[in-house]
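Engineer: Pasting the sequence and the predicted model now:
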Amino acid sequence: MYYFTADEHFGHENIIEYCKRPFSSVEEMDEVMIQNHNSIVTKQDITVHIGDFSLASKKYQDIQNKYIIRLNGHHIFIPGSHDYWLKGKNKQSHIWQKSINKQQVICCHYPMYAWPASHWNSWHLFGHVHGQFEGVGKSLDVGVDVFNFKPVSFDEIVKIMESRPDNLDRIKPT
């Protein structure tokens, strides 16, 4: 199973105030998000973190030891605004594309009006806006501030996308 999430901001104390998160401390926030993640993601699942995973350090090893090692599953990290720890061999492209169950999924930290294959009604999953922008067409903010501080499964996204309109630039089949 694929899961998607964004904007965890592990170790970022000020995000609690900025986004009015319901936590009394950064330690509480971090622990709740780790518990939420592990309550639904198995060791075999894949989670795509679509930016702003952590501001806690600029070193990959610090983030690995403090957070990643505690999260179930395999992880793909797409860089966001604050992922300074994603350097060298650990740095991914800003856009990640994957066909899942014949559905083209495009992930980028930043919301877009058009994205690769949007004219074929591909899906765009993003973060960055902390629930302040709903998205257009088949795009969706999968950030923790939208999904109760936990990742959202591909199956849940399928249900959400069923009710969303086609992409603005969709080429209609003839």
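Structural biologist: On my side now, so go ahead.
Engineer: what's the lengthiest helix in the chain packed up against?
Structural biologist: Using DSSP state H to define each element, the chain has its longest helix at helix 26-40. For helix 26-40, the elements it packs on are helix 14-18, judged by 3 or more CB pairs under 8 Å, 6 or more residues apart in numbering; DSSP states H and E. Any C-beta I mention is one placed from the backbone N, CA and C, and that applies to glycine too.
Engineer: ok, back up a step: and the longest helix of the chain, how far out from the chain middle?
Structural biologist: Helix 26-40 sits 15 Å away from the centroid of its parent chain (CA atoms, centre = their mean, to the nearest Å).
Engineer: Which residues does it contact?
Structural biologist: 3, 5, 8, 10-13, 15-16, 21, 23, 47, 67, 70-72, 144, 148-151, 153 (CB atoms under 8 Å, 6 or more residues apart in numbering).
Engineer: In strands only, show me those.
Structural biologist: 3, 5, 47, 153 (DSSP state E).
Engineer: From what I see, the first one and residue 44 are in contact.
Structural biologist: Same thing as residue 3. No: using CB atoms under 8 Å as the test, residue 3 is too far from residue 44 to be in contact (11.5 Å).
Engineer: So between these two, which is more surrounded?
Structural biologist: residue 3 (25 against 9; other CB atoms under 10 Å).
Engineer: Now the closest residue to the more buried one other than its chain neighbours: phi and psi?
Structural biologist: Distance criterion CB to CB, 6 or more residues apart in numbering; nearest residue to residue 3, sequence neighbours excluded, is residue 151 at 3.8 Å. Backbone geometry at residue 151, expressed as degrees, to the nearest 10, gives phi -70, psi 160.
Engineer: Spit out the contact partners of residue 151.
Structural biologist: 3, 4, 5, 37, 40, 41, 47, 142.
Engineer: go on, residue 4?
Structural biologist: Contacts of residue 4 (CB under 8 Å, 6+ apart): 47, 48, 50, 107, 125, 142, 151, 152, 154, 157.
Engineer: and the gap between the closest residue to residue 4 other than its chain neighbours and residue 66?
Structural biologist: Spatial nearest neighbour of residue 4, excluding adjacent residues (CB to CB, 6+ apart): residue 142 at 4.4 Å. Distance of residue 142 to residue 66, computed by CB to CB, to the nearest Å: 23 Å.
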